[in-house]
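fold the following and give me the result.
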Amino acid sequence: SGGDLSSVVRLHLPSGRTVIAKSGPQPKTEAAMLCALSRAGVSAPGIFAAGSRALLLEDLPERGSLSELGWAELGRALKTLHAAVGPAYGWDGDYAFRHVPIENAWLNDWPTFWALRRLLPGADALPPAMAREVQDLCHNIHDLLPSFPPASLLHGDLWSGNIIACDGRLSGLIDPACYYGHGEVDLAMLGLFGRPDPAFWSSYGDPGPGWAIRQAIYQLWPAITHVRLFGDSYLPMVRDLLARVPVRRAD
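Numbering: from 1, shown residues only. So this is what the prediction gives:
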C-alpha cells in the first residue's frame, strides 16, 4: 500500500523479481537520504534508479508486524543511526511534505533550530490562541530543550508505517525525512501514533530526566504538520500536547 503523500506501486518484472516504484517531487533527495541510512549501518531499500519524477527501490520482504525480537532490533538500529553525527543541526537542502515546506538551513543551537525551523513555520495554520501558545513555547524553549545535544542523523518521520517487518523481524526503514538533530526526535515520533514495545527501550536505552516534556515538544511538530496536511481534525492532538508543556506567557 502507498503512503499519504506519494503514489507507490509494486512492479513485477519478467525475471520474476519485484521492485517498488514511488512518485514524488524530490526522488533524488529521498535517494540521498536512503543512502545516508545505509551508510550509517541501518537497513534501508537499495536504490535502482532515481529520476526527476520517480524512485525505483528494492522491495524489502514484508509480512506482519514487529515481534519482541524485532522491536529489540529496531532499538539497536536507531542507536546505530543516532551514533552517526553531523557538523550542526539541519540538512544540506530543504524539502517538503506535499505543500508543506521543511526548512533545514544549518544552525549550531538546537532549541533555536527546533523553534525556527520546525514549530514557528506552522503556527499560522493554528487558531490564534493556539498559535500564541506555540509562540510562547518557542520564547521559553531554551529552558526546555538541551542546547547542544549530539547532532544525530535522524530518520525524521519514524512512525510505524515506515518500519518494514517480516515474520517479526526488522526488514528496514523506508520514507526518511533525514536531517541532523536530537535523537529523541525519532523516539518521540515513534510514540506519537503507537507505543514501542519495552524490548525497544531495553535495546536503545531510556531517555534522560525530563523526557515527557521533551517528547511533547518534539511531537508538536508532526502534529502541526498533520493539521497543515490533513485539516483541523488534528487540532485536539496539538492542544493535548501543548497542555503537557509548562510554558510562561511571553511579555
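
ramachandran angles for the closest residue to residue 151 other than its chain neighbours?
Among residues not flanking residue 151 along the chain, residue 180 sits closest, at 4.2 Å (Cβ to Cβ, 6 or more residues apart in numbering). Any C-beta I mention is one placed from the backbone N, CA and C, and that applies to glycine too. Note on residue 180: its backbone torsions stand at phi -100, psi 130 [degrees, to the nearest 10].

can you check the pLDDT for residue 180?
Looking at residue 180, its pLDDT reads 98.

surely it touches residue 153?
Yes. In this structure, residue 180 is within contact of residue 153 by Cβ atoms under 8 Å, at 6.0 Å.

now do the shared contacts for these two.
Each of 85, 86 lies in contact with both residue 180 and residue 153 under the rule Cβ atoms under 8 Å, 6 or more residues apart in numbering.

please identify the buried residues of stretch 83-101?
Neighbour-count burial for stretch 83-101, counted by 16 or more other Cβ atoms under 10 Å, picks out 84, 86, 89, 90, 91, 95, 97, 100.

export those residues to JSON lines and tack on secondary structure, pLDDT and distance to residue 234?
Shown next, in JSON lines, are the buried residues of stretch 83-101 (DSSP: H, G, I helix; E, B strand; the rest coil; pLDDT from 0 to 100; distance: Cβ to Cβ, whole Å):
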{"residue": "84", "secondary structure": "coil", "pLDDT": "98", "distance to residue 234": "31"}
{"residue": "86", "secondary structure": "coil", "pLDDT": "97", "distance to residue 234": "30"}
{"residue": "89", "secondary structure": "strand", "pLDDT": "98", "distance to residue 234": "26"}
{"residue": "90", "secondary structure": "strand", "pLDDT": "98", "distance to residue 234": "26"}
{"residue": "91", "secondary structure": "coil", "pLDDT": "98", "distance to residue 234": "25"}
{"residue": "95", "secondary structure": "strand", "pLDDT": "94", "distance to residue 234": "21"}
{"residue": "97", "secondary structure": "strand", "pLDDT": "90", "distance to residue 234": "13"}
{"residue": "100", "secondary structure": "strand", "pLDDT": "94", "distance to residue 234": "13"}
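
closest one to residue 133 out of those residues, please.
Within these, the smallest distance to residue 133 is 20.1 Å, found for residue 100 (Cβ to Cβ).

for that closest one, which residues are in contact?
Contacts of residue 100 by Cβ under 8 Å, 6+ apart are 122, 225, 228, 229.

any of those buried? List them.
122, 225, 228, 229.

of these, closest to residue 41?
Ranked by distance to residue 41 (Cβ to Cβ), those are led by residue 225 at 28.1 Å.

isn't that closest one up against residue 97?
Yes. Here residue 225 reaches residue 97: they are 6.2 Å apart, a contact under Cβ under 8 Å.

so how far is the host helix or strand of residue 77 from its chain's centroid?
Here residue 77, judged by DSSP states H and E, is contained in helix 68-82. Counting by Cα atoms, centre = their mean, to the nearest Å, helix 68-82 is centred 15 Å from the centre of its parent chain.

now that helix: average pLDDT?
Mean predicted confidence for helix 68-82 is 98.

list of residues touching it?
37, 40-43, 66, 150, 152-155, 158, 163, 165, 168-170, 173, 183, 186-187, 196-197, 199-205.

what of stretch 159-177?
3, 30, 33-34, 36-37, 42-45, 57, 60-67, 69-70, 73-74, 77, 95, 97, 102, 155-158, 189-190, 192-194.

mind listing what's buried in that stretch?
For stretch 159-177, a neighbour-count test (16+ other Cβ under 10 Å) marks 162-166, 169-177 as buried.

need the strands for the stretch 51-200 of the chain, in chain order.
According to DSSP state E, counting those that start in this stretch, the stretch 51-200 of the chain carries its strands in the segments 54-58, 95-97, 100-102, 152-154, 163-166, 169-173, 179-181.
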